[in-house]
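Novice: kindly generate the corresponding structure for this input.
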Amino acid sequence: MEGLFEKFSLYDFFNLIITGAVFLVGLHLLGFAPLGFVEDNMNLPDDKVIILATILLLCYIIGAELQGVELFVIEKKKVTVEREMIQTFLNKNSNVIPNKEKLKIYRNEARSLFKTKNIKVKGKNFSREQCEYFFAYCNYYIQVKGENKKTEKMRGIKGISILFTTCFLILFITGVFRIIFILRQGQIKELYGYGGLTITFFVLSVSSYYRMKIAIQRRIRMVMGTYEVCCERKVKK
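Specialist: You can find the predicted model right below:
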């Protein structure tokens, strides 16, 4: 339980609220009115603070549900983009660390660590488990040293990018069903507006996905760069 609270930061809290708010706005643009439904069915007092608190709570709940969908999809998929990058970043055929000199340093650091841990490296490349172990070690090391502020910010960016990918993808699917309903009703005039909106949601979902990949890659580089600096400071002392 303690580890759960350590992982949950302010970035995670605001990510859920922001994503929930964007999802609500998207539903309203598609012709749905969840806030109107809440207002009609919940006898809220005429108090701006309570109304605002209710909206924020609703945004948070929706954000948490979107995160649940995201985690469910990742769990089913088994191999995530992040895990794939982490499990291969030390190998020469990986493009996670494009700087060859830096990659050489990190590979040497990994070999030195594995030597002290009696972990054997077979061949020139590291196994997936070894890459994952080394990254986890480096990440935990900079946390212990209190040098993980920048990497936490990058984790926050990665988190909201994943949530936005899920959010816009669900809005896209909702938009498709909306278009089908419009076609069945013969309301051709409304087709262009909702069609353009649905395409926009699809584009935003794809762009959020690629932003997520960039954020993951940068976070791995940042963790390794910070670990390298921490090790250099230790040697100088």
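Novice: what stretches of the protein score poorly on pLDDT?
Specialist: 1-9, 37-45, 47, 74-79, 234-237 (pLDDT under 70).
Novice: where exactly do the strands run in it?
Specialist: For the chain, applying DSSP state E gives no strands.
Novice: where do the helices sit along it?
Specialist: 2-7, 10-29, 34-41, 48-77, 81-86, 100-116, 128-144, 149-185, 191-236 (DSSP state H).
Novice: relative to residue 92, which of these is closest?
Specialist: For the helices of the chain, the distance to residue 92 is smallest for helix 100-116, at 7.3 Å, taking C-beta to C-beta. Just so you know, the C-beta spots here come from the backbone N, C-alpha and C atoms, and that holds for glycine as well.
Novice: starting at the chain centroid, how far to the closest one?
Specialist: With C-alpha atoms, centre = their mean, to the nearest Å as the basis, helix 100-116 stands 28 Å off its chain's centre.
Novice: remind me what that helix packs against, helices and strands.
Specialist: On a contact count with 3 or more C-beta pairs under 8 Å, 6 or more residues apart in numbering; DSSP states H and E, helix 100-116 meets helix 128-144, helix 191-236.
Novice: kindly recompute the last result at 7 Å.
Specialist: helix 128-144 (3 or more C-beta pairs under 7 Å, 6 or more residues apart in numbering; DSSP states H and E).
Novice: so can I have CSV of the helices of the chain showing distance to residue 93 and mean neighbour count?
Specialist: Formatted as CSV, those follow (distance: least, C-beta to C-beta, whole Å; neighbours: other C-beta atoms under 10 Å):
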stretch, distance to residue 93, mean neighbour count
helix 2-7, 31, 7
helix 10-29, 33, 18
helix 34-41, 48, 12
helix 48-77, 23, 14
helix 81-86, 13, 18
helix 100-116, 11, 14
helix 128-144, 12, 17
helix 149-185, 23, 19
helix 191-236, 15, 16
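Novice: could I get those as a markdown table with distance to residue 122?
Specialist: Shown next, in a markdown table, are the helices of the chain (distance: least, C-beta to C-beta, whole Å):
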| stretch | distance to residue 122 |
| --- | --- |
| helix 2-7 | 32 |
| helix 10-29 | 38 |
| helix 34-41 | 55 |
| helix 48-77 | 28 |
| helix 81-86 | 19 |
| helix 100-116 | 11 |
| helix 128-144 | 9 |
| helix 149-185 | 30 |
| helix 191-236 | 23 |
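Novice: any idea how far the residue nearest the centre of the chain lies from residue 192?
Specialist: Centroid-nearest residue in the chain, with C-alpha atoms, centre = their mean: residue 159, separated by 2.6 Å. Note on residue 159: its distance to residue 192, by C-beta to C-beta, to the nearest Å, is 35 Å.
Novice: how near is the residue nearest to residue 105 when sequence neighbours are not counted to residue 94?
Specialist: Spatial nearest neighbour of residue 105, excluding adjacent residues (C-beta to C-beta, 6 or more residues apart in numbering): residue 228 at 6.6 Å. Residue 228 is 17 Å from residue 94, where distance means C-beta to C-beta.
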